[in-house]
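Enquirer: The following comprises the amino acid sequence and a computationally predicted model.
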Amino acid sequence: MTESAMASVFLYHVVADLTVGKPELVEFCETETVEAAIKAIGDSTECGIPVWKRKTHAGIENTEMRQQRFVGILNSLDIVAFFAKSECLEDHDKALKTPVSEVVTHNNSLLRQVDPGTRLIDALEMMKHGVKRLLVRKSVVWQGMSKRFSILYNGKWLKNMDTSSSSNNLGASSNRPSSSTTTSARDKFCCLSREDVIRFLIGCLGALAPLPLSSISSVGAINPNYNSIEATSAAIEATQKLPEDPSAIAVLEQSQDGQYKIIGEISASKLWKCDHLAAAWALANLSGGQFVMGVEDNVSSRSLKDFSVNQAAGNNNLANGGGSTKPKKFSSRSIGFNAANPSLAVSRSMYRGRSAPLTCKVTSSLAAVMAQMLSHRATHVWVTEDESDDVLVGVVGYADIMVAVTKQPSSVVPSPARSTENSAIVNDVHN
């Protein structure tokens, strides 16, 4: 990747270029119930929703005041882990009516408000260091202006837009041209996720060449530090310390030669649109292997307890209310996991249902992994050895990709044999 190519993508584009078609942000308040959060998460990106404190006063709200109202991001794994607590399993109704403030992990640094003219390179820097959402004002349209504006922004428009803005908000304090309106109570915002940024970047792969065709190992995108539990361990161990990024725990099985192979995962991505109550029961009562592989294939049905689930809860209709409550037998299908082959007793390796983890090889190209994440709406891809489909090496998440694409040009040479494959995968994403 040449310096000029990097400049054309990262310096001459601004975050407003990514906001076209984005819906207006509707704040989800911390006083809302977990039941309401489940429905909101089902309609969200990156399997989670930003949670806010209510405005305590009327009138104009500056950047710092809005930042202080942000609480954190709530995802499906957080909710299932909460439901798996003994007191929640005993009283589903009470659990569903619990305020979100008691479930969400408070982390004010996961969101930053930025000006529409913030350079893409600055937005990437924030996301590389832990920011998961960018709050962008919708009252300004920069279409056709981004290159000119970015140059001026870089050298001229650096006066504070808001004298009370926090100095650590990169780009959030830059002034806008006189054609835009000043801050007012009527201003609307949209929320950009890391998925939005990756989707934008995959449309610019040509300008980033040859980096996208380089292997993820050669560009240092593989993160060897991941959370995991063994298949024989209790699934509830996955909730002892929930991972932040990616929000996923690998379930591993030790082979005869001592290597650990991934058979599934417990993650916000997999639990995104599941029956949260059924998943919580499974998390509290089953082993990690049983949870991800499908319990009816591993345990005799006579050994399973009946449990009560609101029938309106299935298929992410939990927040709609109503429906009768009656005991039913747990099935992996009730949390969205369906075995591809019902006769799993013949060979566990034949099982490749919805619970199968999304994987790639250490030799997979950066472009192919980006395309995988987008096509599956996943926040991460597990990385396995080139010689084995299942021996786990690490994980690639959004932050890892952003670090890789913003590296200075190097002598990395792409693999010609993979260029055709990568092109086909990227085309599938665009189609």
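Expert: Sure thing, it's come through. Residues are numbered from 1 along each chain as shown.

Enquirer: Helices of the stretch 101-250 of the chain, start to end?
Expert: 120-128, 146-155, 194-202, 205-208 (DSSP state H, counting those that start in this stretch).

Enquirer: Of those, which shows the lowest average pLDDT?
Expert: Among the helices of the stretch 101-250 of the chain, helix 146-155 carries the lowest mean pLDDT, a mean of 43.

Enquirer: I'd say residue 281 and residue 88 touch.
Expert: No: using C-beta atoms under 8 Å, residue 281 and residue 88 do not qualify as a contacting pair, with a distance of 10.1 Å. All C-beta spots, glycine's among them, are computed from the backbone N, C-alpha and C.

Enquirer: Which one's more surrounded, those two?
Expert: More neighbours surround residue 281 than the other of residue 281 and residue 88, with 24 against 20 (other C-beta atoms under 10 Å).

Enquirer: Pull up the distance across stretch 267-274, start to finish.
Expert: 11 Å (C-alpha to C-alpha, to the nearest Å).

Enquirer: likewise stretch 257-276?
Expert: Terminal-residue distance, stretch 257-276 (C-alpha to C-alpha): 36 Å.

Enquirer: Show me which positions of that stretch end up buried.
Expert: 260-272, 274-276 (16 or more other C-beta atoms under 10 Å).

Enquirer: Inside helices: which ones of the residues you listed?
Expert: Counting by DSSP state H, the part of those found in helices is residue 276.

Enquirer: Looking at the buried residues of stretch 257-276, spot the one nearest residue 130.
Expert: Nearest to residue 130, judged by C-beta to C-beta, of the buried residues of stretch 257-276 is residue 268 at 16.3 Å.

Enquirer: Which pLDDT does the model give residue 321?
Expert: pLDDT, residue 321: 36.

Enquirer: Not counting its neighbours along the chain, what's nearest residue 109?
Expert: Distance criterion C-beta to C-beta, 6 or more residues apart in numbering; nearest residue to residue 109, sequence neighbours excluded, is residue 130 at 6.0 Å.

Enquirer: Was I right to think the one you found contacts residue 112?
Expert: No: using C-beta under 8 Å, residue 130 is not in contact with residue 112, being 9.9 Å away.

Enquirer: okay, the two: which has more neighbours?
Expert: Between residue 130 and residue 112, counted using other C-beta under 10 Å, the more crowded position is residue 112 (25 against 13).

Enquirer: partners of that one in the sheet?
Expert: With DSSP bridges as the criterion, residue 112 is bridged to residue 134.

Enquirer: how much space between it and residue 196?
Expert: Applying C-beta to C-beta, to the nearest Å, the value for residue 112 to residue 196 is 14 Å.

Enquirer: cool, residue 259 as well?
Expert: Applying C-beta to C-beta to residue 259 and residue 196 gives a distance of 37 Å.

Enquirer: Can you identify each of the helices in the stretch 251-400 of the chain by residue range?
Expert: 276-285, 288-293, 366-375, 398-405.

Enquirer: Give me the mean pLDDT for the last one.
Expert: For helix 398-405, mean pLDDT rounds to 93.

Enquirer: What of stretch 110-118?
Expert: For stretch 110-118, the per-residue pLDDT averages 95.

Enquirer: Let the chain start at 52 from now.
Expert: With 52 as the first residue, the last one maps to stretch 161-169.

Enquirer: remind me which residues of this protein are low pLDDT?
Expert: 52-58, 190-237, 346-406, 459-482 (pLDDT under 70).

Enquirer: switch the cut-off to 50
Expert: In the predicted model of the chain, residues 52, 193-196, 198-236, 347-381, 389-405, 462-465, 467-477, 481 satisfy pLDDT under 50.

Enquirer: and residue 69, what does it touch?
Expert: Applying C-beta atoms under 8 Å, 6 or more residues apart in numbering, one finds that residue 69 lies in contact with 171, 243, 247-248, 251.

Enquirer: 6 Å instead?
Expert: 243, 247, 251 (C-beta atoms under 6 Å, 6 or more residues apart in numbering).

Enquirer: can you list those in TSV and add distance to residue 294 and neighbour count?
Expert: Shown next, in TSV, are the contacts of residue 69 (distance: C-beta to C-beta, whole Å; neighbours: other C-beta atoms under 10 Å):
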residue	distance to residue 294	neighbour count
243	23	22
247	22	19
251	26	16
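
Enquirer: Take the helices of the stretch 302-451 of the chain and lay them out in TSV including distance to residue 85.
Expert: Formatted as TSV, the helices of the stretch 302-451 of the chain follow (distance: least, C-beta to C-beta, whole Å):
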stretch	distance to residue 85
helix 327-336	9
helix 339-344	21
helix 417-426	27
helix 449-456	26
